[in-house]
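*Asks:* Prediction below, plus the sequence it came from.
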Amino acid sequence: TAPRAVRVEPLSPNAEQQRVLDLAPGHGPVLVLGGPGTGRSALAVEYAARRIEAGLEPERLLVLTPTRQASARLRDALSVRLDHGGRGTRTSTPVRTWAAYAFDLIRRARTTGFLPAVQRTPRLLSGAEQDTVIAELLESYAAGERGGPDWPADLAEAVLLQDYRDRLDLGMSEAFDPAGLLTTACLLLEENPELLEGERTSLPVIVVDDLQEATPAVHRLLRALGTGQDVVALASPDTVVQGFRGARPDLVRDYPGCLLPRADSIEGRTHLLRTGYRMDGDVLQAWRRVARRIPALPGTLEMRQGMT
């Protein structure tokens, strides 16, 4: 049975979407900007499906999303799309959250000897465990057991954060919180050229949906993985949900240039989606009134004004 709320028929691309789908293998990094309802996620699924249908092994494709819900939607949509195209259900999926990819990288790095300090199988630190560690630290401060550096009061949070990280490093080295997952994954790739080269070789094609939701650590991870690769990054910088978790939509302005070798030109590497399928009439006008209050990144002003 097809998953609910996913596209069953192949995308019928408009001219803007078709230009992205027509990119030949080896095209390098591109940025796709589109407002709400312009078919960014549908385009991501169709691009991924066509690369697989053209002969790319699914294991050599990485589709990244910000949340588990978004990952599940794209995973189901890609599965249905490939079924429709005769590729059948696959035992593995290329769709992951960026935290899930980081965790898998850490797990594989440990088994191959890149994390000698982690003796036990890596695991995710639960929210309850994080709360317990923080509560124990606060209790130790109150009891005078841990004075910490004599820093100004407005830097007290930095003391707590450092003590928290030290507690994990010393007593729970196999446990990673979401921030620690991404930081550790970045350090592994940056400090181990052999591991980085292996990842780039095994993942020549990367699709990133909702790039505007990425944190600085995610951008750091993408720069390590995606430089010189076939990367399709899709974003709606005016529409951000994960800001409370550190999302930095302003960093979308660095793409696709931050993924290019120095000698390559960024000309023609940004694609705009201006045909809307969700908003029209009064809703579209209301969105434009709100969006124009947001500082425009390169390309977003043209995208806003051209949306229909």
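*Replies:* Perfect, I can see it now.
*Asks:* When you work out contacts or count neighbours from here on, use the C-alpha atoms and nothing else.
*Replies:* Noted.
*Asks:* what's in contact with stretch 287-299?
*Replies:* Leu33, Pro237, Asp238, Asp250, Val252, Arg253, Thr270, Leu272, Arg304, Gln305 (Cα atoms under 8 Å, 6 or more residues apart in numbering).
*Asks:* Closest one to Glu190 out of those residues, please.
*Replies:* Val252 (21.5 Å; Cα to Cα).
*Asks:* Need the pLDDT of the nearest residue in space to the closest one that is not next to it in sequence.
*Replies:* Here the nearest residue to Val252 in space, its sequence neighbours aside, is Gln212; by Cα to Cα, 6 or more residues apart in numbering that works out to 6.4 Å. Looking at Gln212, its pLDDT is 97.
*Asks:* State whether Gln212 and Gly246 are indeed in contact, as I suppose.
*Replies:* No. Counting by Cα atoms under 8 Å, Gln212 does not reach Gly246; the two are 10.7 Å apart.
*Asks:* Which of these two has more residues huddled nearby?
*Replies:* Gln212 (27 against 12; other Cα atoms under 10 Å).
*Asks:* pretty sure the more buried one belongs to a helix, no?
*Replies:* Yes. Per DSSP: H, G, I helix; E, B strand; the rest coil, Gln212 lies within a helix segment.
*Asks:* who touches it in this structure?
*Replies:* Per Cα under 8 Å, 6+ apart, neighbours of Gln212: Ala235, Ser236, Pro237, Thr239, Val240, Ala247, Arg248, Pro249, Asp250, Leu251, Val252.
*Asks:* would you list every one of the helices in the stretch 101-250 of the chain?
*Replies:* Ranges of helices in the stretch 101-250 of the chain, per DSSP state H, counting those that start in this stretch, are 127-142, 156-171, 178-191, 193-202, 216-226.
*Asks:* so how far does stretch 248-264 reach from one end to the other?
*Replies:* 25 Å (Cα to Cα, to the nearest Å).
*Asks:* That stretch - what's its average pLDDT?
*Replies:* 89.
*Asks:* That one: which residues count as buried?
*Replies:* Arg248, Pro249, Leu251, Val252, Arg253, Tyr255, Pro256, Gly257, Cys258, Leu259, Leu260 (16 or more other Cα atoms under 10 Å).
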